[in-house]
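> Next input, structure requested:
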Amino acid sequence: MSGQEDTVQVQTQLSQNTVVEVKRDSDKSYVEVSLGSPTDPVPLSAADGQKLAEGIRTARTQHIPLICNINSTGAPPDAGIEALDGWGKAAQEMTTSSGVIPIIFCVKETALAGPALLLGLADFVIMVKDSYSYVSGPRMVQEFTGVPIDPETLGGAAKHAQMSGLASFVVPDLYSASEIVDELLALLPSSSSSTPRNNPTSDPADRRLTNIEDVVPDTQTGSYDMREIIGQVADDRILTEIRKDWATNIITALCTINGNTVGVVANQPQSLAGTLDISASQKGARFVNFCDAFSIPIITFVDTPGFQPGKDLEWRGMIRHGAQLAFAYANATIPRICITIRKSYGGAYIVMDSKHMGNDLALAWPSAEIAVMGAKGAIEILHRKATESDREQLESEYETRLLNPYTAAERGSVDMVIHPENTRREVSAALDFLLSKREKLQKRLHSNTPL
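Just a heads-up that it's a prediction; the model follows:
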């Protein structure tokens, strides 16, 4: 925290386990709630739930972010129903504040039972390396399944980073957690009624991306790290990646371009060839919704051959969850720029913010292939009886005729085919124009998201 800090405590008489403070300095203001001891987890009472609810209301009323540091074993077994009601009230206040103020939770050591569920309502969850969180503990899991399990395996920070997607960041210590909080506060607006502040940079807005096209392999199936492209487009190559270790086939991140905060959604060819699956769709949809709530423009980098095929995925609801990503993009009213780097096929083309999903600008590199499917798959369907040599010729003709961005541009699906080295310049110029974008929303109580 830089600058002269002004701290105000709110209703500290409610509970010794919980402290609510309004913190202000020359750079930022936020409400910080500390639940439990920094060193030892403590059971929390009804008063603690009420205190958290009060802190959330304070943040929402003042239109400033909420930071909650939690180290709790939940309500003690001998607590009355009031303890559960207190946490229910806190959950209700968090839900009311969702999309109004940024909500960041930091798990110091434990967050169990009721408090654990609150993490699922937060915008960002930071977990210290050795912390853990779960709704049902190891003893209950063993009684129910007959299989012994330890807290780390059940709900450790690494598991939530890789398996559940709960952890937005995993850090080695509390100091690192504080750094992440400061980084997020510098990028995010104070509330939905304000816009992200401009972060001045010496990085020229029209900087050419030297040798950027060399990042993408010549072969259609060659792998590369999409972060190399995103990093070159971002100011000073700085990228704050969110949920980095979960659903690694899609990237969600915050960065600045010409000082303006933007959200980035990108396929990652290094993981599952950049295909979309259930987790990737959920990860992308949640991030798009967040950016839309807080007026953060979205830049989408596309290189995907489609949805990942599989019986298990279909049975688990690939259709429903894939629709979440389409729903999030189609519902978003923020500035949206889509850049097709290489492959963009079929249903994945649609849900990755395609032109007719309502994006504001659709750019494509000359290497882009926008079609229903790749040449090999198309020829196998269209010319099943063709010989091997005929198939090679047919595939070549298909690629020449359909697998290029110019065909898509002729039909209005791409606004501009750009040279890769001009990507940052074109995106920055478009943002300058689009930041003033406003859309009139239709009147309705709420939409019915395909959860």
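> export the helix or strand harbouring residue 107 as PDB, just CAs?
In this structure, residue 107 sits in strand 103-112 according to DSSP states H and E. Below are the C-alpha coordinates for strand 103-112, written out as PDB (Å, rounded to 0.1, in the frame of the first residue of the first chain):
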ATOM      1  CA  ILE A 103     -14.900  -9.000  -4.400                       C
ATOM      2  CA  ILE A 104     -11.600 -10.600  -3.500                       C
ATOM      3  CA  PHE A 105     -11.100 -13.400  -1.000                       C
ATOM      4  CA  CYS A 106      -7.800 -14.500   0.400                       C
ATOM      5  CA  VAL A 107      -7.500 -17.900   2.200                       C
ATOM      6  CA  LYS A 108      -4.700 -17.700   4.700                       C
ATOM      7  CA  GLU A 109      -4.900 -21.300   6.100                       C
ATOM      8  CA  THR A 110      -8.400 -22.700   6.100                       C
ATOM      9  CA  ALA A 111     -11.900 -21.900   4.900                       C
ATOM     10  CA  LEU A 112     -14.200 -24.700   5.800                       C
END
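> Show me what it is packed up against.
Packing partners of strand 103-112 (3 or more CB pairs under 8 Å, 6 or more residues apart in numbering; DSSP states H and E): strand 66-74, helix 114-119, strand 124-128, strand 132-134, helix 174-187. Just so you know, the C-beta spots here come from the backbone N, C-alpha and C atoms, and that holds for glycine as well.
> quick one: low-confidence parts of this protein?
1-16, 38-39, 375-380, 384-385, 388, 390, 395 (pLDDT under 70).
> Specify the residue ranges that define each domain of it.
Domain segmentation of the chain under automatic domain parsing yields 6-187, 212-368+404-434.
> quick one: the shortest one to chain centroid distance?
It refers to domain 6-187. Offset of domain 6-187 from its chain centre (CA atoms, centre = their mean, to the nearest Å): 19 Å.
> The longest one too?
In terms of CA atoms, centre = their mean, the centre of domain 212-368+404-434 is set 12 Å apart from its chain centre.
> At the geometric centre of the protein, which residue sits there?
Taking CA atoms, centre = their mean, the centroid of the chain lies closest to residue 287, which sits 3.3 Å from it.
> tell me which element that one is part of?
Assessed by DSSP H and E, residue 287 sits inside helix 278-293.
> residue ranges of the strands in the stretch 201-350 of the chain, please?
Taking DSSP state E, counting those that start in this stretch as the criterion, the stretch 201-350 of the chain carries its strands at 240-242, 250-257, 260-267, 298-304, 336-345.
> Same list (the ones you listed) but as TSV, adding mean neighbour count.
Shown next, in TSV, are the strands of the stretch 201-350 of the chain (neighbours: other CB atoms under 10 Å):
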stretch	mean neighbour count
strand 240-242	19
strand 250-257	24
strand 260-267	25
strand 298-304	26
strand 336-345	25
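> would TSV of the ones you listed with distance to residue 145 be doable?
Shown next, in TSV, are the strands of the stretch 201-350 of the chain (distance: least, CB to CB, whole Å):
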stretch	distance to residue 145
strand 240-242	32
strand 250-257	32
strand 260-267	37
strand 298-304	37
strand 336-345	41
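> Could you point out which of these sits nearest residue 234?
When the strands of the stretch 201-350 of the chain are compared for distance to residue 234 using CB to CB, the nearest one is strand 250-257, at 3.9 Å.
> And the closest residue to residue 371 other than its chain neighbours, how close does it get to residue 351?
In space, and not counting its chain neighbours, residue 371 is closest to residue 402: 5.0 Å by CB to CB, 6 or more residues apart in numbering. Residue 402 sits 20 Å away from residue 351, going by CB to CB, to the nearest Å.
> Name the residue in these two with the higher neighbour count.
residue 351 (24 against 16; other CB atoms under 10 Å).
> ok, that one - contacts?
Counting by CB atoms under 8 Å, 6 or more residues apart in numbering, residue 351 makes contact with 276, 281, 322-323, 325-326, 329, 357.
> now do residue 108
So residue 108 contacts 36, 38, 69-71, 128, 131, 174 (CB under 8 Å, 6+ apart).
> Among those residues, find the one with the greatest number of neighbours, please.
Of the contacts of residue 108, with other CB under 10 Å as the count, residue 70 tops at 28 neighbours.
> Could you list everything that residue pairs with in the sheet?
residue 35, residue 107 (DSSP bridges).
> Next up, the contacts around it.
By CB under 8 Å, 6+ apart, the neighbours of residue 70 are 35-36, 105-108, 111, 115, 118-119.
> ok, now how distant is residue 345 from residue 101?
To residue 101, residue 345 is 39 Å away according to CB to CB.
> whoops, residue 322 was the one
Taking CB to CB, one finds residue 322 at 30 Å from residue 101.
> With residue 118 instead?
Residue 118 is 15 Å from residue 101, by CB to CB.
> who has more neighbours, these two?
Ranked by neighbour count (other CB under 10 Å), residue 118 and residue 101 place residue 101 first, with 27 against 23.
> what helix or strand is the closest residue to the more buried one other than its chain neighbours on?
Closest residue to residue 101 apart from its sequence neighbours, by CB to CB, 6+ apart: residue 191 at 4.9 Å. Assigned by DSSP H and E, residue 191 belongs to neither a helix nor a strand.
> Surely residue 191 and residue 100 touch.
Yes: using CB atoms under 8 Å, residue 191 is in contact with residue 100, at 6.0 Å.
> Give me the more crowded residue out of these two.
Using other CB under 10 Å, the more surrounded residue of residue 191 and residue 100 is residue 191, with 19 against 15.
> Got phi/psi on the more buried one?
phi -160, psi 180 (degrees, to the nearest 10).
> Relative to residue 66, how far out is it?
For residue 191, the distance to residue 66 equals 10 Å [CB to CB].
> So for those two, which residues contact both of them?
Residues touching both residue 191 and residue 66 (CB under 8 Å, 6+ apart): 101-102.
> about what we covered before: closest to residue 448 out of the domains of the chain?
When the domains of the chain are compared (using CB to CB), the closest one is domain 212-368+404-434, at 9.1 Å.
> residues touching residue 202, list them.
No contacts exist for residue 202 under CB under 8 Å, 6+ apart.
> May I have the phi/psi pair for it?
Per-residue torsions, residue 202: phi -90, psi 0 (degrees, to the nearest 10).
> Same question for residue 427.
With angles defined as degrees, to the nearest 10, residue 427 sits at phi -70, psi -40.
> I'd say it and residue 233 touch.
Yes: proximity of residue 427 to residue 233 meets the contact threshold set by CB under 8 Å, at 6.3 Å.
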